[in-house]
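Colleague: got a predicted structure plus its sequence, pasted below:
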Amino acid sequence: MVQKPRDPIILVPYSSSFPRPMAVSLAGRSTIFRAISRSPPSIRRSTASISHGSQDEHGAYSSSTTSPSSTNRSRKMNADRLSSVIDSVNDRKLPPELRGNRNGFRSETEIMNVVERRVWHAMEEGQFEKLPGKGKPLNLSSNPHADPAEDTLYRILKKNGCAPEWVELNKDIRSKIAEWRLALKKSWMFKGGCDDSKWVELSESLKLQLRDLNNMVFRYNIIVPFGRQMFGFKWEKELDRLQEEIQAAK
């Protein structure tokens, strides 16, 4: 006896209209969809939200959209957590007298007062009496902030009458910028006359020289120790500087 093939089974998610998942054949699927389409708008919206929702661990469906109030509340909670972490980190940097008391001070002056009190207490206890080198002249031959290897190298160069490359380059930059500014002052006399062609020609030459000086400054900033870099030169600022110098001389 040949059995008639059955229609495939489709599981339909349950909602308030269905107490549990039901097995529906292909023949009955069209009937369910027609019933939903004829239902009131509120039921259709509920069904649509379930179809576009997400299923949790218990098999229930929830809408994928979240309300603006819940989003703002989540953002506020994250901001509060970040603020508390920042406060705790800053709290560890404070002296013990100020830890755990965020509202105990309002300005940097009050923090400095706490530091001064601690220094005075240390002086009263005699902690400054047995410092190494007390009463002796300062040793200015070495730089405590410089790298020991570089400091030794500089002292060797100094004994032999030599200087590091960046020192010599600094001297060249200062001497050349002084000569350049003097040439700019002389060329300025040709500006504002009947014929500015001379000024235009000289200014173009001065701009090229200034570019070469900036290249020297760039190289100097690469090889110089940290904290001794210098700014480059700009044409507009040099003109303003020259005009201020001329106005002050009148």
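Modeller: Great, that's in hand. On a predicted model such as this, the values are computed, not experimentally measured, just so you know.
Colleague: could you give the mean pLDDT of the helix or strand where residue 85 lies?
Modeller: Assigned by DSSP states H and E, residue 85 falls within helix 68-93. Mean pLDDT, computed over helix 68-93, is 81.
Colleague: and for stretch 215-225?
Modeller: For stretch 215-225, the per-residue pLDDT averages 93.
Colleague: domains of the protein?
Modeller: Domains of the chain are assigned by automatic domain parsing as 9-62, 69-124, 148-249.
Colleague: could you list every residue that touches residue 155?
Modeller: Residue 155 makes contact with 141, 142, according to C-beta atoms under 8 Å, 6 or more residues apart in numbering. In this view, the C-beta of every residue, glycine as well, is placed from N, C-alpha and C.
Colleague: helix, strand or coil: sort out it for me.
Modeller: helix (DSSP: H, G, I helix; E, B strand; the rest coil).
Colleague: wait, residue 202 sits on residue 189?
Modeller: No. Residue 202 is not in contact with residue 189 according to C-beta atoms under 8 Å; the separation is 9.9 Å.
Colleague: show me which of the two is the more surrounded one.
Modeller: Taking neighbours as other C-beta atoms under 10 Å, residue 202 and residue 189 compare with residue 202 leading, 18 against 11.
Colleague: before we move on, back to that, how about the helix holding residue 85: buried residues?
Modeller: By 16 or more other C-beta atoms under 10 Å, helix 68-93 has no buried positions at all.
Colleague: give me the buried positions along the following helix or strand past that helix.
Modeller: Next helix or strand after helix 68-93 toward the C-terminus (DSSP H and E): helix 108-124. Neighbour-count burial for helix 108-124 flags residue 114 (criterion: 16+ other C-beta under 10 Å).
Colleague: pretty sure residue 230 sits in a strand.
Modeller: No. The assignment for residue 230, made by three-state DSSP, is coil rather than a strand.
Colleague: if we can go back for a sec, lowest average confidence across the domains of the chain, which one?
Modeller: Lowest mean pLDDT within those: domain 9-62, at a mean of 49.
Colleague: where does residue 131 land in three-state SS?
Modeller: coil.
Colleague: counting contacts, what elements does the one helix or strand residue 247 maps to pack onto?
Modeller: Counting by DSSP H and E, the element that carries residue 247 is helix 235-249. Here helix 235-249 touches helix 165-187, helix 197-223, going by 3 or more C-beta pairs under 8 Å, 6 or more residues apart in numbering; DSSP states H and E.
Colleague: please redo it, this time with the cut-off set to 7 Å
Modeller: Applying 3 or more C-beta pairs under 7 Å, 6 or more residues apart in numbering; DSSP states H and E, we find helix 235-249 packed against helix 165-187.
Colleague: in a helix, residue 137, correct?
Modeller: No. Applying three-state DSSP, one finds residue 137 to be coil, outside a helix.
Colleague: how big is the angle separating the helix holding residue 247 from helix 197-223?
Modeller: 110 degrees (axes from the mean of the first three to the mean of the last three C-alpha atoms, to 10 degrees).
Colleague: buried stuff in helix 235-249?
Modeller: For helix 235-249, by 16+ other C-beta under 10 Å, it's residue 238.
Colleague: go on, stretch 185-194?
Modeller: For stretch 185-194, by 16+ other C-beta under 10 Å, it's 187, 188, 190.
Colleague: the first one contacts residue 201, correct?
Modeller: No. When contacts are counted by C-beta atoms under 7 Å, residue 187 is not listed as touching residue 201 (9.1 Å).
Colleague: for residue 141, see how far away residue 166 is.
Modeller: Distance, residue 166 to residue 141, by C-beta to C-beta, to the nearest Å: 20 Å.
Colleague: kindly report the same for residue 71.
Modeller: 65 Å.
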